[in-house]
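In: next one to model:
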Amino acid sequence: MYDEIVDRLNRISQFAPSTGVERGRRVLRNCGNPEKDLKIIHVAGTNGKGSTCAYIAQILQSNGYKTGLFTSPHLVDIRERIKINGQMISKSDFEEAYNAVENCRTQELAYFDYMLVMAMYYFKKQNVDYVVMETGLGGRIDATNAIENPVISVITTISLEHAAILGDTVEKIAAEKAGIIKLGIPVVCSGVVKEAARVIKSRAEEMESDCCVVDENTFELVQNTYGYIDFLIHNEYYKNDCFRLATNALYQMENASIALTVCAVLKDSGVKLDDRLTKEAVSKTHWAGRMELVKDNLYVDGAHNPQGIRSFVDSVDSLYESEKLSDATLL
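Out: Model (predicted):
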């Protein structure tokens, strides 16, 4: 049955009538709005969403919270998209969640719609403490924006992507991503791309939401050594605190800094987080396919746009700064 369901899902279009947020609201309502009983951290952006989600989830899990993680796409197994404390949803629970959504839906759904509502159904059933949720495409009309009660909104680096859908400028794309900001809900965002940050901060002001910006002055590289990075973070929550990352990807300093700031905002609001456990969590977070070392001097990276590719090349240059690499080496 599980294999049949996966085959059925794989035949479903990525698109369907109306917007994702409209479809999401309807099917979630038909399923009893499981998301309303969940504490959700909503993450949008162009690059770094998955990694940022992974850091946040690992920090919460390491601090003793049962943590659901909803991300996309998957690399090997569709069940990678729905995890609790790092473990993929079982095949039997996947079947149950699919059937629950199928029994609730009253209109055609897109592939991503199924996965979102299945995740919310499963996380509620498993009584998780927190859910870290990544958007699919954009933000404002994305199916995940049917979630009306996040505890915090997060927006990672913005760059040009899906211009036909989201807009042909960074500002237009940032406005779509900023559509996840909810009235009075705190926001943490990347400020590395200034044009995008201005749009996000403006939207946060309109929504009366506190906004904490993580820019290039927030983090500083100490060393990039084969297998790990040491860096400093400095903002209103951290005073040149040093963290270690189990990666050589320089761009993960920004993603980890966003995640650490998110968790600091949560801690400031009363969530119990231990600094030592948080530091350990960051140091052991692994996100597959992001400058992943698969054998000596061989990395794979899922960069899918010019900014992501540039960030990967910069990381390689930093790690091998004493050696001159040909273009062929980076293919």
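
In: look up how far A119 lies from N224.
Out: N224 sits 35 Å away from A119, going by Cβ to Cβ, to the nearest Å. C-beta: built from backbone N, CA, C; applies to glycine.

In: okay, now the unreliable bits of the stretch 201-331 of the chain?
Out: Residues of the stretch 201-331 of the chain meeting the criterion pLDDT under 70: 289-295, 297, 302-308, 310-312, 314-331.

In: please enumerate the helices of it.
Out: Assigned by DSSP state H, counting those that start in this stretch, the stretch 201-331 of the chain shows helices spanning 251-268, 275-284, 306-319.

In: between the first one and helix 275-284, what angle do the directions make?
Out: In terms of direction (axes from the mean of the first three to the mean of the last three Cα atoms, to 10 degrees), helix 251-268 departs from helix 275-284 by 150 degrees.

In: pull out the buried residues from helix 251-268.
Out: 251-267 (16 or more other Cβ atoms under 10 Å).

In: residues in contact with the helix or strand encompassing E95: which ones?
Out: Element membership of E95, judged by DSSP states H and E, is helix 91-104. Identification of contacts with helix 91-104 by Cβ atoms under 8 Å, 6 or more residues apart in numbering yields 1-2, 5, 9, 27, 30-31, 78-79, 82, 89, 109, 114, 117-119, 121-122, 125.

In: try it again with 10 Å
Out: Helix 91-104 has contacts (Cβ atoms under 10 Å, 6 or more residues apart in numbering) with 1-6, 8-9, 26-32, 34, 77-79, 81-82, 84, 88-90, 109, 113-123, 125-126.

In: work out the gap between that helix and the centre of the chain.
Out: Distance of helix 91-104 from its chain centroid, counting by Cα atoms, centre = their mean, to the nearest Å, is 24 Å.

In: the more surrounded of N224 and A119?
Out: A119 (26 against 21; other Cβ atoms under 10 Å).

In: now the more buried one: which helix or strand?
Out: A119 belongs to helix 111-125, assigned by DSSP H and E.

In: list the contacts of G179.
Out: For G179, the contacting residues are V21, A44, T135, G138, G139, R140, I141, D142, N145, S153, R203, by Cβ under 10 Å, 6+ apart.

In: how many neighbours does Y228 have?
Out: Neighbour count of Y228, defined by other Cβ under 10 Å: 13.

In: coming back round to it: which elements pack onto the helix holding A119?
Out: helix 2-10, helix 20-30, strand 67-70, strand 82-84, helix 91-104, strand 130-134 (3 or more Cβ pairs under 10 Å, 6 or more residues apart in numbering; DSSP states H and E).

In: my guess is V117 meets A110, correct?
Out: No: the criterion here is Cβ atoms under 10 Å, and V117 misses it with A110 at 11.1 Å.

In: now for those two: what residues contact both?
Out: Overlap of the contact sets of V117 and A110 (by Cβ under 10 Å, 6+ apart) consists of R23, G24, A143.

In: just the contacts of G179: which are in strands?
Out: Within those, residues falling in strands by DSSP state E are A44, S153.

In: adding distance to I233 and neighbour count, write the contacts of G179 out as JSON lines.
Out: Shown next, in JSON lines, are these (distance: Cβ to Cβ, whole Å; neighbours: other Cβ atoms under 10 Å):
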{"residue": "V21", "distance to I233": "34", "neighbour count": "19"}
{"residue": "A44", "distance to I233": "22", "neighbour count": "30"}
{"residue": "T135", "distance to I233": "25", "neighbour count": "29"}
{"residue": "G138", "distance to I233": "29", "neighbour count": "25"}
{"residue": "G139", "distance to I233": "25", "neighbour count": "26"}
{"residue": "R140", "distance to I233": "30", "neighbour count": "18"}
{"residue": "I141", "distance to I233": "33", "neighbour count": "17"}
{"residue": "D142", "distance to I233": "29", "neighbour count": "25"}
{"residue": "N145", "distance to I233": "29", "neighbour count": "24"}
{"residue": "S153", "distance to I233": "20", "neighbour count": "29"}
{"residue": "R203", "distance to I233": "25", "neighbour count": "22"}
